[in-house]
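> I need the structure of the sequence given here:
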Amino acid sequence: MPQKPTTTPRPDLQRSFQQILTTGTDEFIASIVSPALPVSKKGDTYGILNAEALLSMGDDRKAPRGKSARGDWELDTDTYACVNRSWEEPVDEDEMDEYGTAFDMERIAGDRAAGVIVRGHEYRVARQIMNENNFTRHAAGTAWATVDSADPLVDVNAGKTAMRIIKPNALIMSYGTFLNLGITDAVIDRIKGIDPNVKRGEINKVQLAAYFGVERVLVGTAVYNSAPKGQAAVAADIWPNSHVMLCRIGSGMNRDKLEPCIARTFFWTKVVGSKQICSMSSYTENDSEATIIKAKSSMDEKLMCDSDLAGYLIDIEGDE
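A predicted model of the protein is given here:
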């Protein structure tokens, strides 16, 4: 029986991988939309917040020497089941000899391996959030692409009116939508009232957040290759141009399963209390004369609240 190769942990490559999965980047926003929730069990049941749990009232009067009234509401439940995700990239010995002085070949391979897992996570979160099967569709009054007459603030304010139980703190959109808002007359006119120096097509995320009255505007810029294997690459947006999501996002990586928010990603850490949600390692493959760089994580992306409690999905193409 052939011996298994000796695997070496690579914390030098793991740090950037961990950072993307916990804090996100300008390109990848899934870990902000669906923050990490480390768990020591690979699968389990978890509670889902519902309106009754958040808004219940009762007779809270207490008689002398009497017992205090108690809540009897129950959480809805769902289950998570973390899926092992891993990817390997080889670093050929000949390539290392030829290019190693000019490039950090192992770091490049590590970034490629981690990138496959990160891009997959981004894709799954985007498909979960911008999904009319998961959230009620609300059509924009005027398609946002109609830059001379659309009024995006009206559509977002309708969402704020609907989200009275869990108040929204973020608006999620694609890069194409972000660029389009920068040339939308109603947006420019309102922002100019605050900053007269603003230029058409040069509006930033901070200005848009102020315009919409939310803490953050999150812009998904990541793309993926949508072409079949063997064909020329076609760069496609991971976050769709057809919808925006007004929602409540979580406060970052923590273990509070009942923090009101739209989604979380369960990461199986195996060790109770561990915050290491991914790993990088390397081993030598003698047959191919290569060093293999391996990225690994175990995760499951889940919605955390009932129905539309923490999210208001706007179809910005309207009913046209």
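> where exactly do the helices run in the stretch 201-320 of the chain?
In the stretch 201-320 of the chain, the helices defined using DSSP state H, counting those that start in this stretch lie at 205-212.
> what are the ranges of the strands in it?
216-220, 223-225, 235-237, 243-247, 263-268, 278-285, 290-303, 311-315 (DSSP state E, counting those that start in this stretch).
> Contacts for the last one next, please.
Residues from elsewhere that reach strand 311-315 (Cβ atoms under 8 Å, 6 or more residues apart in numbering): 129-132, 135-140, 155-156, 159, 162-163, 168, 242-248, 262, 305. For every residue, glycine as well, the C-beta is placed using N, CA and C.
> For L55, grab the count of nearby residues.
Close neighbours of L55, defined as other Cβ atoms under 10 Å, add up to 10.
> From N204, how far off is it?
As for L55, its distance to N204 is 37 Å (criterion: Cβ to Cβ, to the nearest Å).
> again with K302
32 Å.
> higher neighbour count, those two?
Using other Cβ under 10 Å as the criterion, K302 and N204 rank with K302 on top: 19 against 13.
> Distance of the more buried one relative to F267?
As for K302, its distance to F267 is 11 Å (criterion: Cβ to Cβ).
> Show me which helix or strand of the chain is least confident by mean pLDDT.
helix 93-99 (a mean of 71; mean pLDDT, DSSP states H and E).
> immediately after that helix, which helix or strand?
Downstream of helix 93-99, the first helix or strand assigned by DSSP states H and E is helix 105-129.
> residues of that following helix that come out buried?
Within helix 105-129, the residues that count as buried by 16 or more other Cβ atoms under 10 Å are 105-106, 109-111, 113-115, 117-122, 124-126, 128-129.
> can you map out the helices along the stretch 51-200 of the chain?
Under DSSP H, counting those that start in this stretch, the stretch 51-200 of the chain gives helices at 51-55, 93-99, 105-129, 152-162, 175-181, 185-192.
> comparing the ones you listed, which gets the lowest mean pLDDT score?
When the helices of the stretch 51-200 of the chain are compared by mean pLDDT, helix 93-99 comes last with a mean of 71.
> Now the spatially most central residue of the chain. Nearest residue, chain neighbours left out?
Nearest to the geometric centre of the chain sits A30, at 1.8 Å (Cα atoms, centre = their mean). The shortest distance from A30 to any non-neighbouring residue, by Cβ to Cβ, 6 or more residues apart in numbering, is to V125 (3.9 Å).
> Confirm for me that the one you found is in contact with A36.
No - counting by Cβ atoms under 8 Å, V125 does not reach A36; the two are 11.7 Å apart.
> which neighbours do these two share?
With Cβ under 8 Å, 6+ apart, V125 and A36 have common neighbours T265.
> Give me the distance between stretch 284-297 and the centre of its chain.
Distance of stretch 284-297 from its chain centroid, counting by Cα atoms, centre = their mean, to the nearest Å, is 30 Å.
> Could you give me the buried positions within that stretch?
Buried residues in stretch 284-297, counting neighbours by 16+ other Cβ under 10 Å, are found at A290, T291, I292, I293, K294, A295, K296, S297.
> what about V272, neighbour count?
Other residues near V272 number 9, with proximity taken as other Cβ under 10 Å.
> That one and H138: what is the separation?
On the measure of Cβ to Cβ, V272 and H138 end up 42 Å apart.
> that older thread, make a markdown table from the buried residues of stretch 284-297 and add pLDDT to it.
Output for the buried residues of stretch 284-297, formatted as a markdown table (pLDDT from 0 to 100):
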| residue | pLDDT |
| --- | --- |
| A290 | 91 |
| T291 | 92 |
| I292 | 94 |
| I293 | 95 |
| K294 | 96 |
| A295 | 97 |
| K296 | 97 |
| S297 | 97 |
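> ok, of those residues, which one's closest to S68?
S297 (44.8 Å; Cβ to Cβ).
> is it true that the closest one touches Q276?
No - judged on Cβ under 8 Å, S297 makes no contact with Q276 at a distance of 9.8 Å.
> of the contacts of strand 311-315, buried ones?
129-131, 135, 138, 140, 155-156, 159, 163, 168, 243-248, 262, 305.
> what kind of secondary structure is K4 in?
Three-state assignment for K4 (DSSP: H, G, I helix; E, B strand; the rest coil): coil.
> count of residues packed around it?
Residues near K4, counting by other Cβ under 10 Å: 7.
> tell me how far the ends of stretch 282-297 are from each other?
Using Cα to Cα, to the nearest Å, one end of stretch 282-297 lies 15 Å from the other.
> Figure out how far it is from the centre of its chain.
Counting by Cα atoms, centre = their mean, stretch 282-297 is centred 30 Å from the centre of its parent chain.
> Show me the contact partners of stretch 18-28.
For stretch 18-28, the external contacting residues (Cβ under 8 Å, 6+ apart) are 30-32, 35-36, 114, 118-119, 121-122, 221-222, 252-253, 267, 276-278, 297.
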